[in-house]
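Colleague: build me a model:
(one chain, ligands or ions: 1)
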Amino acid sequence: MTQLMGIVNVTPDSFSDGGRFLDPEGAIEHARELVAEGADLLDVGGESTRPGARAVSAAEEIERVGPVVEGLCGPGAGAVDVPVSIDTAKAAVAEVALDAGAEMVNDVTALRSDPELAALCAERGCGVVLMHMKGTPRTMQEAPEYGDVVDEVRAFLAERIEFATARGIAEGRIWVDPGIGFGKTVDHNLELLRRLSELRELGRPIVVGTSRKSFIGKLTGREVGERLGGTIASNVLALHTGADVLRVHDVAQVEQAVRVAEAIRGRGSGQPGRAST
Ligand code: HH2
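Modeller: All right, here's what the predicted structure looks like:
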């Protein structure tokens with residue numbers, strides 16, 4: 001059953017919702033709405049990865065996400081009953097979030113930027129999302145080139161799985177993600193979405209994040225706030241070609257689309273399932 005990962009950006013500059021949920025109460029309220037709409041897990045992030053975004057110190061990131069993860073993981077009234085993932089590449093941030101009750105680390109650099117992060121994840125036994133990115137957020141959209149994009153992404157993810165397991169992270173805790181929009185042209189993104197099933201050879205659940213991304217804008221001419229149709233189309237097709245987890249902003253709308261798509265595919269009862277991280 002496809003799971004929906006609701007996006008909770010606690011940033012001033014995320015590409016689609018920067019500044020909307022910068023105060024902890026607002027972010028917690030928004031996250032609770034996403035759960036009510038059908039999110040199976042929440043991904044809380046305190047640093048934008050959009051091209052050109054300002055780098056944030058660990059202290060600043062902790063200040064943003066710490067209270068939100070604490071609020072969502074309880075024991076207070078704001079707590080949710082779905083797992084919380086922390087979207088960070090920094091061990092210091094991940095540690096605070098895991099201490100507060102997060103169960104998963106979503107690292108868009110696939111354990112390449114902070115040498116401490118793999119050991120922390122191994123020690124805590126948390127889930128880990130390993131995402132493909134070519135270059136860094138600052139440079140990634142400068143004419144990215146691949147031989148065969150799917151082969152390269154698959155080889156990269158296979159190497160990162162090996163890296164993670166060699167450092168003591170249980171393979172069963174790892175999810176992989178082709179990193180839609182991270183160092184890819186529109187055609188690279190489309191090729192990856194079309195051939196997602198080839199990443200199934202890795203034997204790990206596949207996360208896909210297309211929500212409101214610029215390739216949808218380039219294909220449709222729509223501004224970031226008007227990309228729901230393209231977001232739904234790309235998520236429905238991603239689930240058809242092999243995605244297990246869809247990372248989205250618009251949970252209610254994508255959840256409805258996923259239910260119908262799954263019913264047509266005959267892949268489940270149409271009821272969203274609970275996440276197991
Ligand atoms: N995309 C974004 C951030 N984190 N993590 C995974 N695993 N996969 C993704 O595709 C992915 C991700 C970018 O989206 P968003 O969080 O909305 O924007 P920003 O990075 O500007 O906060």
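Colleague: Leu120 is in contact with Asp99, isn't it?
Modeller: No - using Cβ atoms under 8 Å, Leu120 is not in contact with Asp99; the gap is 10.7 Å. No exception for glycine: its C-beta is placed from N, CA and C like everyone else's.
Colleague: and the two? which has more neighbours close in?
Modeller: Leu120 (18 against 13; other Cβ atoms under 10 Å).
Colleague: please report the distance of that one from Ala58.
Modeller: The gap separating Leu120 from Ala58 is 13 Å, by Cβ to Cβ, to the nearest Å.
Colleague: cool, Glu145 as well?
Modeller: To Ala58, Glu145 is 33 Å away according to Cβ to Cβ.
Colleague: residue contacts, the residue in the chain that the ligand sits nearest to?
Modeller: Nearest residue of the chain to the ligand (Cβ to the nearest ligand atom) works out as Gly209 at 2.3 Å. By Cβ atoms under 8 Å, 6 or more residues apart in numbering, the contact set of Gly209 is Asp177, Gly179, Ile180, Gly181, Leu246, Arg247, Val248.
Colleague: check these and tell me the two furthest apart.
Modeller: Gly179 and Val248 (15.6 Å; Cβ to Cβ).
Colleague: A strand includes Leu246, no?
Modeller: Yes - counting by DSSP: H, G, I helix; E, B strand; the rest coil, Leu246 falls inside a strand.
Colleague: packing partners for the longest strand anywhere in the chain?
Modeller: Longest strand in the chain by number of residues, with DSSP state E as the criterion: strand 3-9. Strand 3-9 makes packing contacts with helix 24-37, strand 41-45, strand 245-248, helix 251-265 when contacts are defined by 3 or more Cβ pairs under 8 Å, 6 or more residues apart in numbering; DSSP states H and E.
Colleague: break down this structure into its strands, ranges please.
Modeller: For the chain, the strands defined by DSSP E occupy 3-9, 41-45, 84-87, 104-107, 127-131, 174-177, 207-208, 245-248.
Colleague: of all those, which one comes closest to Leu196?
Modeller: When these are compared by Cβ to Cβ, strand 207-208 sits nearest Leu196, at 7.0 Å.
Colleague: next one: the closest one to chain centre, how far?
Modeller: Relative to the chain's own centre, strand 207-208 is displaced by 7 Å; criterion: Cα atoms, centre = their mean, to the nearest Å.
Colleague: need the residues that contact it.
Modeller: 5, 106, 129, 131, 175-178, 180, 193, 196, 235, 238, 243-247.
Colleague: before we move on, the earlier item: let's have the helices and strands packed on strand 3-9 in TSV, adding mean pLDDT and mean neighbour count.
Modeller: As requested, those are exported to TSV (pLDDT from 0 to 100; neighbours: other Cβ atoms under 10 Å):
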stretch	mean pLDDT	mean neighbour count
helix 24-37	96	18
strand 41-45	98	27
strand 245-248	98	26
helix 251-265	97	18
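Colleague: which non-adjacent residue is nearest the spatially most central residue of the chain?
Modeller: What sits nearest the mean C-alpha location of the chain, by Cα atoms, centre = their mean, is Arg247, with 5.0 Å. Closest residue to Arg247 apart from its sequence neighbours, by Cβ to Cβ, 6 or more residues apart in numbering: Gly209 at 3.8 Å.
Colleague: where does pLDDT dip in the stretch 151-277 of the chain?
Modeller: 267-277 (pLDDT under 70).
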